[in-house]
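Asks: Next comes the sequence, and after it the predicted model I'd like to discuss.
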Amino acid sequence: MASTPPTTPDPATGAFLAHRNLLFTVAYEMLGSAADAEDILQETWLRWAGVDLEIVHDQRAYLVRITTRQALARLRALGRRKETYIGPWLPEPLLTAPDVAEDVELADSVSMAMLLVLETLTPAERAVFVLREVFDVPYDEIAKAVGKSPAAVRQIAHRAREHVAARRPREVVSPAESRAALHAFQRAAETGDLQNLLDILAPDVVFLGDGGGVVQAARAPIVGAAKVGRVLALGLPAIGTPGSLQPVQVNGYPALAFRVEGEIDTVIVLHVANGLITGLYAVRNPAKLSRMDQETALSR
């Protein structure tokens, strides 16, 4: 019996698939949500499938433009949704492949710390910053994507850069330094050694827990080593079971997954500076943990 020859995707499908990882990354960096980013990709495909490819000079740019427009609309709607979110809102963690960590700029742009900084931008500022600073899209093309003049886009980009520079971590932390802090945190948690835990927390460490009102989590940010230490101490007996904490790569950086009966209960992301933990982000909302089962491919 003759074998069926492999089918070649039509030009529109082929172009979309070739740039899919890029488009997902653009949408995710604008939204901080993998679920919403996937919805944006569906909307992008529906619009792209109706485009006459004969008039498209740069397929990558055209696809990025469609994705950006859809993500901007979703971002504005999400802003209203987040106003009613119960407790702190954290980005959806992604289990990422080692190659993401190797691309320092990409890893920094999708890190939990950077995504939280991007949350403080207006939708237009976030779109312009992501497209220009992360994906190096020309100003003229960004202007088409966000519906503004190139001159206005340059002003927005300048404002967004200043805003991000004032809030982003100033120190570049190596993966080795992050892993060392992570291992120290894991040892302290598994042994229940509160003093060792306090020794690796920065005096002004911030703890954010995202339960979404579905599972138990702190309803407000907790600031200061002593206060954060007390909160963590309450959880040490639960996470102290050997094997329950597993090192993983989340958004390009070392993190920990806390499992209960084999299922991920919490993803713990650390931000490190000068060898100390300055930020602890615990994502517990079950709706945000679906991307921890398999690696997500990201690209620039």
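Replies: Good, I have the coordinates. Numbers count the residues shown, from 1 in each chain.
Asks: what are the phi and psi values for the residue lying closest to Ser149 once chain neighbours are set aside?
Replies: Closest residue to Ser149 apart from its sequence neighbours, by Cβ to Cβ, 6 or more residues apart in numbering: Ala143 at 6.0 Å. The C-beta positions use only the backbone N, C-alpha and C, and glycine is treated the same way. Torsion angles at Ala143 (phi, psi; degrees, to the nearest 10) stand at phi -60, psi -40.
Asks: residues contacting Ala143?
Replies: Residues counted as contacts of Ala143 (Cβ atoms under 8 Å, 6 or more residues apart in numbering) are 149-150, 152-153.
Asks: low-confidence ranges in the stretch 101-250 of the chain?
Replies: 169-172, 235-243 (pLDDT under 70).
Asks: residues of stretch 193-211 that come out buried?
Replies: 197-198, 200-202, 205-211 (16 or more other Cβ atoms under 10 Å).
Asks: how distant is that stretch from the center of its chain?
Replies: 21 Å (Cα atoms, centre = their mean, to the nearest Å).
Asks: ends of it, how far apart?
Replies: Using Cα to Cα, to the nearest Å, the end-to-end distance of stretch 193-211 comes to 26 Å.
Asks: Longest helix in this protein, please.
Replies: Secondary structure of the chain per DSSP state H: the longest helix is helix 59-82.
Asks: follow-up on the earlier one: the buried residues of stretch 193-211 in helices, which ones?
Replies: Going by DSSP H, the helices hold 197-198 from those.
Asks: Can you flag which of the buried residues of stretch 193-211 belong to strands?
Replies: 201-202, 205-210 (DSSP state E).
Asks: just those residues now: which is nearest Val56?
Replies: Asp210 (39.9 Å; Cβ to Cβ).
Asks: quick one on the thing from earlier: dump the buried residues of stretch 193-211 into CSV; add distance to Leu78 as well.
Replies: Converted to CSV, the buried residues of stretch 193-211 look like this (distance: Cβ to Cβ, whole Å):
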residue, distance to Leu78
Leu197, 35
Leu198, 36
Ile200, 34
Leu201, 32
Ala202, 31
Val205, 28
Val206, 23
Phe207, 24
Leu208, 18
Gly209, 20
Asp210, 15
Gly211, 18
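Asks: Nearest to Val104, out of the buried residues of stretch 193-211: which one, please.
Replies: For these, the nearest to Val104 is Ala202 (22.7 Å; Cβ to Cβ).
Asks: export the helix or strand following the longest helix of the chain as PDB, just CAs?
Replies: Going down the chain from helix 59-82, the next helix or strand is helix 98-102, by DSSP states H and E. Once non-C-alpha atoms are left out, helix 98-102 reads as follows in PDB (Å, rounded to 0.1, in the frame of the first residue of the first chain):
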ATOM      1  CA  PRO A  98      17.300  26.000  28.800                       C
ATOM      2  CA  ASP A  99      17.800  28.000  25.600                       C
ATOM      3  CA  VAL A 100      15.600  30.800  27.000                       C
ATOM      4  CA  ALA A 101      18.000  31.200  29.900                       C
ATOM      5  CA  GLU A 102      20.900  31.300  27.400                       C
END
